[in-house]
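what follows is a predicted protein model with its sequence.
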Amino acid sequence: MSIDALFCVCVDPWGEPQGGQSTFAKQMLRAFGDRLAVASISADSIPLRKWCDRQFEGKDIKFFNMGRIVQKEGQKPIIPVRYTVYKYAKLSMPQIRNLGVKNLFIESPELLFATANYKWQSVCYRFAGVSNPVANSRYRWARWFADLFEKKMFYNFKKINVSVLLASADLRAIDEMVMRSKGVLDRRSLHHFPTRVDTDKFKPIPKNEARAMLHLENDKILIVSCGRLNWVKGWDLILDSMVFLQKSSKDFQVIFVGDGEDRSKLFQKAKELKIEKNIFLTGFIPNSEVQSYLNAADLCVVTSHNEGWSLAMLEMLACGKAIVSTDVSGANDMIRSGHNGFVVKERNPNLFADAISKALELKNARKVSLEIAARYSTKTIVSDLGLLWQPLSKKYKDNNYESLAQ
């Protein structure tokens, strides 16, 4: 089979998904298989900077390892991973180009910077989120360069002559980014493209069964939050909200599914608030266990300052859960207020706690959440992406266009 596009990504699609970008990368390989050649970083012992065949679910995929990055759980690297990926990609691009693939799919600014000096037949770029990534950096010093970074990013979209822009964000956030670009981005070429969820893997199971598998008690009200523990995820809001929740006669427990550099800060704040006995942290765990924790929950929460189109929220919906969320991109599309949860406009712990109490009383949340999740299933990704970008369309494949792999 001919290779229709180069999928250049900053995470390893073969690794265990630990966020939206790594999950989407795996979804792309599952959807398009050997129609893609893949260039990424990897933690595995795969030869560096040379093309090889790599097995993915029974298919041989052309793979190029740009560099080896091993991240330690709960630790922030001294050098930002974003910069390391850029350097590896820039160094690797001449060898990557030797495969002869002329269509490019990328989804991170660092890879945009590394590929912008080359001529491509067609380029598709996906925004995993449309907020300024450096403005939200976990490195405080990096935030000083946020405006410069975004200007450089917009300039490179013009330089690479991008064909299609996809944005995993709501329409309001997309329009705000177009305004920030000051005419560089053409709104007509920018398409709303929500994150997808695998509804075959994330689906409801009885709460008691999930708790039994995880050895969790049945007499507690369990609140689950998913994601990396850093400041952008706003984990402090749920801790502050617990102070108000504890005033009721109910026994609450919060489980944070994930890990990150703020692990020690989270536990320290929990101790200061005297709620440490009600807080549990799983660390990084496989998707199968994430699904179990979501199904064990009475309610799920999203407390982020910024999100693209939250994968965690979609996974919660696919398990039939009610959600209380801050007003992040996509929240108002995925949560029907008073039906399957609430969107809290202010970062106010008292209001957030009140919304949690009300959400626990909702009667039809499961039905509403499952209906919403079905709209964003991975089962539509082939047709949806094929309609927007010609190199991955069925027509492009079936009509035997000139092979793009020499």
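Sure, I can see it. Residues are numbered from 1 along each chain as shown.

isn't Ala167 up against Phe193?
Yes: proximity of Ala167 to Phe193 meets the contact threshold set by Cβ atoms under 8 Å, at 6.2 Å. To be clear about C-beta, it is placed using only N, CA and C from the backbone, and glycine gets the same treatment.

now list whatever residues contact both of the two.
Residues within reach of Ala167 and of Phe193 at once, by Cβ atoms under 8 Å, 6 or more residues apart in numbering, are Arg126.

between those two, who's got more neighbours?
More neighbours surround Ala167 than the other of Ala167 and Phe193, with 25 against 21 (other Cβ atoms under 10 Å).

from Arg263, how far out is that one?
According to Cβ to Cβ, to the nearest Å, Ala167 and Arg263 sit 31 Å apart.

ok, Ile372 next?
For Ile372, the distance to Arg263 - Cβ to Cβ - is 32 Å.

one more: Ser369?
Between Ser369 and Arg263 the computed distance is 29 Å (Cβ to Cβ).

out of those two, which sits in the more crowded spot?
Ser369 (29 against 19).

so where does the more buried one fall, helix or strand?
Using DSSP states H and E, Ser369 sits within helix 365-374.

what lies in contact with the next helix or strand after that helix?
Counting by DSSP H and E, the next helix or strand C-terminal to helix 365-374 is helix 381-388. Here helix 381-388 makes contact (Cβ under 8 Å, 6+ apart) with 27-28, 31-32, 124, 164, 166, 191, 193, 196, 392-396.

do that again at 6 Å, thanks
31, 164, 191, 196, 392-394 (Cβ atoms under 6 Å, 6 or more residues apart in numbering).

of the residues you listed, buried ones?
Listed as buried from these are 31, 164, 191, 196, 392-393; burial here means 16 or more other Cβ atoms under 10 Å.

restricted to helices, list those residues.
Ala31 (DSSP state H).

coming back round to it: name the nearest of the contacts of helix 381-388 relative to Gly100.
Closest approach between the contacts of helix 381-388 and Gly100, by Cβ to Cβ: Leu392, at 17.7 Å.

Asn292 against Met213, yeah?
Careful, residue 292 is Ser; it's not Asn. Yes: using Cβ atoms under 6 Å, Ser292 is in contact with Met213, at 5.5 Å.

who has more neighbours, these two?
Ser292 (21 against 15).

quick one: that one is in a helix?
Yes: according to DSSP: H, G, I helix; E, B strand; the rest coil, Ser292 belongs to a helix.

excluding its backbone neighbours, what's nearest it?
Ala210 (5.0 Å; Cβ to Cβ, 6 or more residues apart in numbering).

hmm, back to that, format the contacts of helix 381-388 as CSV; extra columns: pLDDT and distance to Val324.
Formatted as CSV, these follow (pLDDT from 0 to 100; distance: Cβ to Cβ, whole Å):
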residue, pLDDT, distance to Val324
Ala31, 91, 32
Val164, 93, 35
His191, 92, 30
Arg196, 91, 23
Leu392, 93, 37
Ser393, 89, 40
Lys394, 71, 40
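
for the residues you listed, which one is nearest Leu229?
Using Cβ to Cβ, those come closest to Leu229 at Arg196, 24.5 Å.

show me what the lengthiest strand in the chain is packed up against.
What stands out as the longest strand in the chain, according to DSSP state E, is strand 59-68. The contact analysis (3 or more Cβ pairs under 6 Å, 6 or more residues apart in numbering; DSSP states H and E) places strand 59-68 against strand 36-42, strand 51-56, helix 81-97.

need the ones you listed in CSV with distance to Phe64, mean pLDDT and mean neighbour count, can you?
Formatted as CSV, the helices and strands packed on strand 59-68 follow (distance: least, Cβ to Cβ, whole Å; pLDDT from 0 to 100; neighbours: other Cβ atoms under 10 Å):
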stretch, distance to Phe64, mean pLDDT, mean neighbour count
strand 36-42, 4, 93, 24
strand 51-56, 5, 94, 14
helix 81-97, 5, 94, 18
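
Met177 is nearest to which of the ones you listed?
Here helix 81-97 is closest among the helices and strands packed on strand 59-68 (Cβ to Cβ), at 18.4 Å.

buried stuff in the helix holding Ser369?
Applying 16+ other Cβ under 10 Å to helix 365-374 flags 365-366, 368-370, 372-373 as buried.

report the contact partners of Asn340.
Here Asn340 is in contact with 322, 365, 368-369 (criterion: Cβ under 6 Å, 6+ apart).

per the annotation, how does this structure divide into domains?
5-196+378-398, 207-374 (automatic domain parsing).

worst average pLDDT in those?
With a mean of 89, domain 5-196+378-398 has the lowest mean pLDDT of the domains of the chain.

how about the helices and strands packed on strand 59-68, which one is nearest Ile255?
Going by Cβ to Cβ, the one of the helices and strands packed on strand 59-68 nearest Ile255 is helix 81-97, 26.5 Å.

got a list of contacts for the helix or strand just after that closest one?
As assigned by DSSP H and E, the chain's next helix or strand after helix 81-97 is strand 103-106. Here strand 103-106 makes contact (Cβ under 6 Å, 6+ apart) with 5-8, 112, 120-125, 391.

now with 8 Å?
By Cβ under 8 Å, 6+ apart, strand 103-106 touches 4-9, 28, 36, 112, 115, 120-126, 389, 391-392, 404.
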